[in-house]
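A.B. asks: Here is my input; please provide its structure:
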Amino acid sequence: MKRLADKGLIERFQKGVYYRVRQTVFGTARPSEELIEAQLLTRRGDEIIGYETGFSLMNKIGLTTLVPAKREIATNAYRKNVGDRFIIVRKPVVTVNAGNFRYLQFLDVIRALPEAHVDAENPRALLHAFAERNELDTVKTLTYARRHYPQKTLLGLVDVLVER
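C.D. replies: Numbering: from 1, shown residues only. Got it, this is the predicted structure:
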């Protein structure tokens, strides 16, 4: 890898992490540091260790038009020191894996919904559509909410799941 970096074919982001540089008419194009750091916090090889949460996820879903200055990521690597001013690292309520990260993402949004500035016309319908799009099992979602989240989140979840 070092030889490729010395030749200029790839560049080093940090120890063990490299990326390919592309030439454009404006010079070299490289991925943003925020994007690389977010990928390092959400994946370890093929294994999922984190997920995007908070207001940045609410913006992607369409609940709010506000674009947050920082991206929030809940990850198993929450102790990792991130010197990035664009990312907030959170500890997940339970260890994140490929089988539960969508459920935790969904429940985090429902937990944050009362404090968020929501300007969507029908936020419950958007959340219900998110659950259907990601094929979230109702019983499994209720189980995660009951075991790992406060009572308010469970009640909000019931409201969303009943929405048609």
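
A.B. asks: Show me what counts as buried in stretch 70-81.
C.D. replies: Within stretch 70-81, the residues scored as buried using 16 or more other Cβ atoms under 10 Å are Arg71, Glu72, Ile73, Ala74, Thr75, Asn76, Tyr78. (Each C-beta comes from the backbone N, C-alpha and C, glycine too.)

A.B. asks: got the contact list for the residue positioned nearest the centre of the chain?
C.D. replies: Among the residues of the chain, the one closest to the centroid is Glu52, at 0.9 Å (Cα atoms, centre = their mean). The contact partners of Glu52, taken as Cβ atoms under 8 Å, 6 or more residues apart in numbering, are Ala38, Thr42, Lys60, Arg71, Glu72, Ile73, Gln105.

A.B. asks: Which members of these occur in helices, if any?
C.D. replies: Ala38, Thr42, Lys60, Gln105 (DSSP state H).

A.B. asks: Please flag which of the buried residues of stretch 70-81 sit within strands.
C.D. replies: The strands in this structure, assigned by DSSP state E, contain Arg71, Glu72, Ile73, Ala74, Thr75 from those.

A.B. asks: out of the residues you listed, which one sits closest to Ile48?
C.D. replies: When these are compared for distance to Ile48 (Cβ to Cβ), Thr75 wins out at 9.7 Å.

A.B. asks: Specify the beta-bridge partners of that closest one.
C.D. replies: Per DSSP bridges, residues listed as beta-bridge partners of Thr75: Gly50.

A.B. asks: That one and Arg44, how far apart?
C.D. replies: Using Cβ to Cβ, to the nearest Å, we find Thr75 at a distance of 10 Å from Arg44.

A.B. asks: ok, back up a step: filter the ones in helices among the contacts of Glu52 down to the buried ones, ChimeraX style.
C.D. replies: Paste this into ChimeraX to select the buried members of the ones in helices among the contacts of Glu52, with burial taken from 16+ other Cβ under 10 Å:
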select :38,42,105
